[in-house]
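Chemist: Turn this into a model:
(one chain, ligands or ions: 2)
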Amino acid sequence: MPIKLGLIGKTNTGKTTFFNSATLSSEEISSYPFTTKAPVTGIAHAISLCVHPEFKIQDNPNNSKCVDGWRYIPIELIDLPGLIKDAWKGKGLGNQFLSIAAQSDALLHVVDASGGIDSSGKITEIGTGDPISDFADIEEELIMWYHKILEGNREKISKLIRNGSDILDAITDLYRGIGVHKNQVKDTLFATGLEEKDFDNFDMIDSKKFASHLRKISKPTLIVANKIDVEGADKNFARLRERYNDSIIIPVSGDSEFSLRRAEQKGLIKYSPGSEQFEIIKSDELNEKQINALDFIKKGIMGEYMRTGVQFAINVAVFKLLKMNSVYPVADEKNLSDKKGRILPDLILLKDGATINDLAKEIHTDLTKGLLYGKDLRYNLRLPVDYQLRDRDVVSLVNASKK
Ligand SMILES: Nc1nc2c(ncn2[C@@H]2O[C@H](COP(=O)(O)OP(=O)(O)OP(=O)(O)O)[C@@H](O)[C@H]2O)c(=O)[nH]1
Ligand SMILES: [Mg+2]
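Modeler: Ligands and ions are numbered 1, 2, ... in the order given. Below is the predicted model:
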């Protein structure tokens, strides 16, 4: 299953602009509030350096693409309608959107760093809106939604516990649909000091603390400080970094990425997503406005922030926030290929800490039966089944039957 990233935030912050530029879609973008009416899913890519040059072979990928030595790994990006205050109570279809957002592995919380929207998301004079409180408002909605799941099921949990269920199992069951693991519930009870407390004695402060901690560890989130191209946005970016210094914050110009990708599609420029430069190919086909826009992106965006930030935000979400490693499993050790002869066919993303056994499970549960060891094909080394894979490992799996 591909990794899922959800785009959340207030209306008009630029979620769809980000989504369209990352997935090359054409969903409607406008300055009217609540343009996006229903969640939309598209395919974007996480990009990592391919191993093929190191092995001095030409690859022939199957589950990903290799362009100029970079692997493009498909991931799912979900564009969501703008959230509003009291969404957790079901306002503005809030419940539905929150539950879809919560099915993501990680969230990209988009704010308007230009301060160009008011607290309800309406376009307003640049610099008067406050992305710090916008972020806090939406964050509060998420926590309240987690809170409601617990509060709304008090009786159910109490009953289960009375009937001999473990509190961990009873609570985990409630959140299972949004990808919460038992160890996260355990960590949360421990971190909030509720481990020893009888569930029936949890007061509102306890359950809020619980919700807030569980939200934080179960749904890693980074902040996209969007519209960084607007004058003055850099000040809000600095404020955001100061206020939310426990979060990763990425300056982004969704608009600029959108222009670059469109120009690249039309063959006007050469540009790879995430790259820190582009090259104009057909300057005679560009009008003055386009030339000025590209010039601004070169100086104002790439010169200041190195990149537009769209691809960077996705990469950071996958490789830093979710701590994924790229692993290349192959069936044929000599040719580094699969059974069909495709060289370095698949790149599998596995969470840091995943083992040879987890890799086998990910490829096919059958492979775990009779699994003897893995083989590191870079160093020709046997790896025990509980070896924790490292980023860019190239491995084969050795089974009892195969041997
Ligand atoms: N200057 C600037 N404007 C942007 C940027 N990204 C989006 N916008 C503008 O912000 C407005 C809203 O953009 P959308 O992408 O529709 O925002 P949204 O968050 O999807 O909005 P809803 O679907 O209503 O929730 C549009 O006018 C965009 O052109 C950016 O990077 N820079
Ligand atoms: Mg939208």
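
Chemist: Mind giving me the packing neighbours of the helix or strand harbouring residue 210?
Modeler: Per DSSP states H and E, residue 210 falls inside helix 204-218. In terms of contacts (3 or more CB pairs under 8 Å, 6 or more residues apart in numbering; DSSP states H and E), helix 204-218 is packed against helix 131-151, helix 182-191. For glycine as for every other residue, the C-beta is placed from the backbone atoms N, C-alpha and C.

Chemist: between those helices, which gets nearest to ligand 2?
Modeler: helix 131-151 (14.3 Å; CB to the ion).

Chemist: Now the element after that closest one, going C-ward?
Modeler: Helices and strands here follow DSSP H and E; after helix 131-151, the next one along the chain is helix 154-162.

Chemist: Which strands or helices does that following helix pack on?
Modeler: helix 167-175.

Chemist: what comes up buried for the helix it packs on?
Modeler: Neighbour counts over helix 167-175 (16 or more other CB atoms under 10 Å) mark 167, 170-175 as buried.

Chemist: tell me the mean pLDDT for that helix?
Modeler: For helix 167-175, mean pLDDT is 95.

Chemist: Next, the angle helix 154-162 makes with it.
Modeler: Helix 167-175 runs at 150 degrees relative to helix 154-162, counting by axes from the mean of the first three to the mean of the last three CA atoms, to 10 degrees.

Chemist: how big is the angle separating helix 167-175 from helix 182-191?
Modeler: With the same axes, to 10 degrees applied, the angle from helix 167-175 to helix 182-191 works out at 120 degrees.

Chemist: ok so, going back, residues contacting the helix holding residue 210, please?
Modeler: Helix 204-218 is touched from outside by 142-144, 146-147, 149-151, 175, 178-181, 184-185, 187-189, 191-192, 194, 197, 202, with contacts defined as CB atoms under 8 Å, 6 or more residues apart in numbering.

Chemist: just the buried members of these?
Modeler: The neighbour count (16+ other CB under 10 Å) marks 142-144, 146-147, 149-150, 175, 178, 180, 184-185, 188-189, 192, 194, 202 as buried among these.

Chemist: mind checking which of the helices and strands packed on helix 204-218 is nearest residue 103?
Modeler: Nearest to residue 103, of all the helices and strands packed on helix 204-218, is helix 131-151, at 12.8 Å by CB to CB.

Chemist: For burial, what's the neighbour tally of residue 55?
Modeler: By the criterion of other CB atoms under 10 Å, residue 55 has 16 neighbours.

Chemist: Alright, that wraps it up for me.
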